[in-house]
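[1] Any chance you could fold what I've pasted below:
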Amino acid sequence: MANDIGGIALPRRLSDMAAHCAAMLLAAHGAVALPAPVLPDHSDALTWRNWLFSAPWGRRAHVELFSVGQQFAVLHICILPQLDDPSGIFGFDMLAGRQMATGAFLDVSPVVLMPPPPSLNDLLPPSLRPGCGTPRARPDWGNIFSDQFLAVRPDTADACETVLIAARVALQCYLARAPATQPNLRGQIAAGQQAYIDGQRRNPHTERMLARHVGPAAARDFIDQVLFAPLPPAQAEFDDAA
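    Numbering: from 1, shown residues only. Alright, predicted model coming up:
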């Protein structure tokens with residue numbers, strides 16, 4: 001069954017969503033746009049856009065749109081809080097072909113044992129979750145996610161739209177939170193964020209998809225240096241001294 005939303009192919013819909021979410025991030029309190037990353041060489045058929053921001057509510061916020069014409073698209077959003085803020089990491093991903101969404105994933109992933117609000121359930125109205133599609137199994141490497149992790153296959157046009165509404169609502173609420181400042185937890189926060197980064201880097205599907213279009217070496221470098229970039233050098237020095 002075609003999942004076109006209002007007659008718009010899903011890759012186009014994800015492109016619009018990416019631009020909308022990037023605008024939300026830029027408009028959020030204290031946001032500063034960071035330079036776009038240098039991307040590997042790729043064909044003209046590939047649209048690859050990356051928006052990066054820093055702000056009091058996030059040391060690194062990233063929106064990525066990766067699409068091949070109207071045949072395939074991936075939307076990725078990740079917000080890593082400041083290293084003295086034990087709040088969870090906001091993450092949303094959606095993968096779609098022209099007429100079918102294969103997966104959507106939404107979470108606020110904890111970085112310390114007792115994370116402060118918000119959790120995903122705090123951000124996501126209960127009425128939205130059941131309409132997001134057929135549940136998918138947690139990936140083998142997915143121990144970084146919370147027990148409220150939303151993983152679904154949006155198998156109808158209505159489910160696709162519900163997922164996008166859920167992501168927008170959750171993102172808006174996450175950006176409105178008051179950051180929790182706990183400098184005494186800085187080492188634990190850094191370790192938790194590093195564990196999240198390491199877990200995401202182990203996702204074989206991301207590397208396989210990128211390698212198909214830009215080659216294995218460039219794909220690995222993008223994942224390790226841009227998509228899930230290392231902690232800032234100053235924090236690495238702090239951890240070595242601890």
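[2] going forward, measure contacts and count neighbours with C-alpha atoms only.
    Fine.
[3] State the distance from residue 45 to residue 169.
    According to CA to CA, to the nearest Å, residue 45 stands 32 Å off from residue 169.
[4] neighbour count winner among the two?
    residue 169 (15 against 10; other CA atoms under 10 Å).
[5] helices or strands next to the stretch of helix or strand the more buried one belongs to in the packing?
    Under the criterion of DSSP states H and E, residue 169 resides in helix 157-175. Counting contacts by 3 or more CA pairs under 8 Å, 6 or more residues apart in numbering; DSSP states H and E, helix 157-175 is packed against helix 10-27, strand 89-97, strand 101-109, helix 120-123.
[6] Averaged pLDDT, the first one. What do you get?
    Right, the one you point to is helix 10-27. Across helix 10-27, pLDDT averages out at 96.
[7] residues in contact with the helix or strand that it is followed by?
    Using DSSP H and E, the helix or strand that follows helix 10-27 towards the C-terminus is strand 32-34. Residues from elsewhere that reach strand 32-34 (CA atoms under 8 Å, 6 or more residues apart in numbering): 26, 51, 52, 53, 54, 55.
[8] average pLDDT for the helix holding residue 169?
    97.
[9] Residues contacting it, please?
    2-5, 17, 21, 24-25, 28, 57, 90, 92, 101, 104, 106, 118, 120, 123-125, 128-129, 131-133, 154.
[10] Can you tell me which of these are buried?
    Buried residues within these, counting neighbours by 16 or more other CA atoms under 10 Å: 3-5, 17, 21, 25, 57, 90, 92, 101, 104, 106, 118, 120, 123-124, 129, 131-133, 154.
[11] What's the local residue count around residue 68?
    17.
[12] how far away is the nearest residue to it once chain neighbours are set aside from residue 76?
    Spatially, and ignoring its direct neighbours in sequence, residue 68 is nearest to residue 46 (4.7 Å; CA to CA, 6 or more residues apart in numbering). Computed as CA to CA, the residue 46 to residue 76 distance reads 16 Å.
[13] Which one of the two is surrounded by more residues?
    residue 76 (21 against 16).
[14] In the sheet, which residues pair with the more buried one? Tell me.
    residue 64, residue 93 (DSSP bridges).
[15] which residues touch it?
    Contacts of residue 76 (CA under 8 Å, 6+ apart): 62, 63, 64, 65, 91, 92, 93, 94.
[16] for those residues, which one is nearest residue 187?
    Nearest to residue 187 out of those is residue 91 (CA to CA; 21.8 Å).
[17] what's the burial count for residue 20?
    Counted with other CA under 10 Å, residue 20 comes out at 12.
[18] hmm, which two among the contacts of strand 32-34 are most spread apart?
    Longest span within the contacts of strand 32-34, CA to CA: 51 and 55, 13.4 Å.
[19] more crowded one of those two?
    Higher neighbour count among residue 51 and residue 55: residue 51, with 22 against 18, using other CA under 10 Å.
[20] Pass me the low-pLDDT residue ranges in this structure, would you?
    Across the chain, the ranges flagged by pLDDT under 70 are 1-8, 234-242.
[21] and if we set it to 80?
    1-8, 98-99, 234-242 (pLDDT under 80).
[22] Does residue 71 touch residue 101 like I think?
    No. Using CA atoms under 8 Å as the test, residue 71 is too far from residue 101 to be in contact (11.2 Å).
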